[in-house]
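S.K.: Fold the following and give me the result.
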Amino acid sequence: MTPILLLLISLFGIQEVLNLSLDDVRIITLENNRDIQIERKNVEISLGEVQKQTGVFDPLLNVGSSYTDAYIPTTSTFIQSGVIHEKVFDVGANVEGTLPTGTFYDILDFSITRTETDSAITDLSPGWFNTLGFTIGQDLLKNFGVEVNRTPIIVASRNNEISDKELVKRISEILLEVERSYWLLVSAEENLELALTALELAKDLQRRNEIQVEVGVLPPVAVTQAKAEVAAREVDLIRAENELRAAEDNLKNILAMPLTTKISAIDEPTTVFQSFNEDEVLGEALEKRPEMQQAKLEIENRETLKKFFSNQKLPRFAIEGSVELQGLGGAENPDRASFSGVIEPVPERFLGAGKAFSSLFEGDFPTWQILGVFTFPLFNRAARGDYVKASAEVDRSIIFFKRVTEDVSLDVRNAIRNVKDSIRGIEAARVAVGLDEEVLENEEQRLEVGIGTTRSVLEAQRDLVDERTREIGAITGYNTALAELEFARGTILESSAFEFQE
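M.R.: Numbers count the residues shown, from 1 in each chain. Presented below is the predicted three-dimensional model:
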């Protein structure tokens, strides 16, 4: 059934009965079930966390600009007014970041500063001062190496895989739940048909008894007994109808369908007996069950974090190298002061705003620097505490993995045991139904010839109805047990012909 059909039913209250196969309800479940939708969003959230952690190594572009118009008081002998008026325009940009190797950098650190002033002790106004710097450094102890610096990404990626497995697990649980509900609906429908048949049998016996009482073959009490049985069967019919409505509502709730929708199950339960090798099923379960895969990923995560926190106990030792280029130029300040009576000319290499750029890019004024940094935490209790926690979490995840293995093994054993018990239940019910049919036929024949009693016929009818009810329950229980076994071995998605794409 398509979502459009579901919408029309919801909007217009269409009461047509929807005949659903098991594959139909599986598809509707994957489309509509709220729990599955929630788990899908959790996967998207974990994927966003991976992207966030990967972004730690994205380069950062910084751009800044400022303009300053200042009146600066001064008591300099050469500034008779006692005030310097200065206008400064500055623009700068740089690209900085870190690499997974523990390398940090600050490249293309470029700045341009234009200064215009009336200070008599400044030779250039307006003057241009430009810088271009390159810095690169490397951590050699703490935070050294690709694995250490990529730890948050590795952990987030595994967490995303764990979320994928949790989605598979939740889908498997919902598919098992919906299959159980489907076979309960099948059982309720067949029980309702059986209740109707039992009621017709009781009514037919009442009619036959009434005829035989009229001709004097049976006493009047035989009619009374038959009427009482009809009343009891009518009560059973009402109970069967209520159980059917409850089974429908339960299935519709899982499918997120309007409760007013009328549905019916059309698939027949299988009665083909299957056998399983416990060792093979267990091996498949230990490989395919999402819980096992989640537990393994959790161990890997904890071991990765333990290595990371072991590295964080080390002191920090880093070497950093940088080079800076400078450029200066501008116009000669006509108001500059003379100290010897003669104003010395500004060197030709600085005259003109373009000189600030040409000298910068030609590397006329380089500055080199090498720096070593050593940081040693005196107590380092935080790092040591994190390492102790990480070690304990590794041990805990290993214990948890063992527990999951034991739980999966128990699930497989119980599931195979339930399948075998269901097969024996079907076989026993079939034998009992066959015997009760013979008993009922004999009692009816005895009643026909006047040597039997109505009570005996009624008891035979009740026994036959009870055994057929047990047979229906055994057959639907067998189909449920098969679904539980597929869930226990981790193949319920495959058996449902669905392919999960991570």
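S.K.: Can you pull the domain assignment for this protein?
M.R.: As given by automatic domain parsing, the domain ranges for the chain are 3-32+155-304+388-495, 62-139+320-375.
S.K.: what is the mean pLDDT for the last one?
M.R.: Within the predicted structure, the mean pLDDT of domain 62-139+320-375 is 88.
S.K.: First-to-last residue distance for that domain?
M.R.: Here the two ends of domain 62-139+320-375 are set 28 Å apart, with distance taken as C-alpha to C-alpha, to the nearest Å.
S.K.: for the protein, what spans make up the strands?
M.R.: Applying DSSP state E to the chain gives strands spanning 18-20, 60-73, 83-98, 103-117, 124-139, 263-265, 316-332, 366-375.
S.K.: Adjacent strands (with direction) for the first one?
M.R.: Taking DSSP bridges as the criterion, strand 18-20 forms sheet pairs with strand 263-265 (parallel).
S.K.: Return the set of buried residues in the partner strand.
M.R.: In terms of neighbour count (16 or more other C-beta atoms under 10 Å), strand 263-265 has its buried residues at 263, 265. Just so you know, the C-beta spots here come from the backbone N, C-alpha and C atoms, and that holds for glycine as well.
S.K.: now the strands of the chain in TSV, with distance to residue 352?
M.R.: Output for those, formatted as TSV (distance: least, C-beta to C-beta, whole Å):
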stretch	distance to residue 352
strand 18-20	86
strand 60-73	23
strand 83-98	18
strand 103-117	13
strand 124-139	9
strand 263-265	88
strand 316-332	6
strand 366-375	21
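S.K.: Could you point out which of the ones you listed sits nearest residue 494?
M.R.: Closest to residue 494 of these, according to C-beta to C-beta: strand 18-20, at 21.7 Å.
S.K.: Where in the protein is the helix or strand with the lowest mean pLDDT?
M.R.: The weakest-scoring helix or strand in the chain, judged by mean pLDDT, DSSP states H and E, is helix 3-12 (a mean of 42).
S.K.: before we move on, back to that, quickly compare the domains of the chain and say which is most buried.
M.R.: domain 3-32+155-304+388-495 (a mean of 17; mean count of other C-beta atoms under 10 Å).
S.K.: average pLDDT for stretch 154-163?
M.R.: 95.
S.K.: List the neighbours of it that are in contact with it.
M.R.: With C-beta atoms under 8 Å, 6 or more residues apart in numbering as the test, stretch 154-163 has contacts from 39, 42-43, 45-47, 49-50, 52-53, 147, 293-294, 297-298, 300-301, 304-305, 502.
S.K.: try stretch 184-195
M.R.: Contacts of stretch 184-195 (C-beta under 8 Å, 6+ apart): 233, 236-237, 239-241, 243-244, 246-248, 250-251, 263-265, 267-269, 465, 468-469, 472-473, 476.
S.K.: same check, this time on stretch 272-280
M.R.: 412, 413, 416, 419, 423, 482, 485.
S.K.: Give me the distance between the second one and residue 191.
M.R.: Residue 413 sits 31 Å away from residue 191, going by C-beta to C-beta, to the nearest Å.
S.K.: and if you look at the third one?
M.R.: Using C-beta to C-beta, one obtains 28 Å as the distance from residue 416 to residue 191.
S.K.: and what of the fifth one?
M.R.: Look at residue 423 and residue 191: by C-beta to C-beta, they are 21 Å apart.
S.K.: Just name the closest of the contacts of stretch 272-280 to residue 357, please.
M.R.: residue 412 (76.6 Å).
S.K.: Quick one: residues contacting the closest one.
M.R.: 278, 281, 282, 285, 485, 488, 489.
S.K.: Let me have the residues you listed in TSV, extended by pLDDT and distance to residue 107.
M.R.: Shown next, in TSV, are the contacts of residue 412 (pLDDT from 0 to 100; distance: C-beta to C-beta, whole Å):
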residue	pLDDT	distance to residue 107
278	89	64
281	92	60
282	93	58
285	94	54
485	94	61
488	94	58
489	92	56
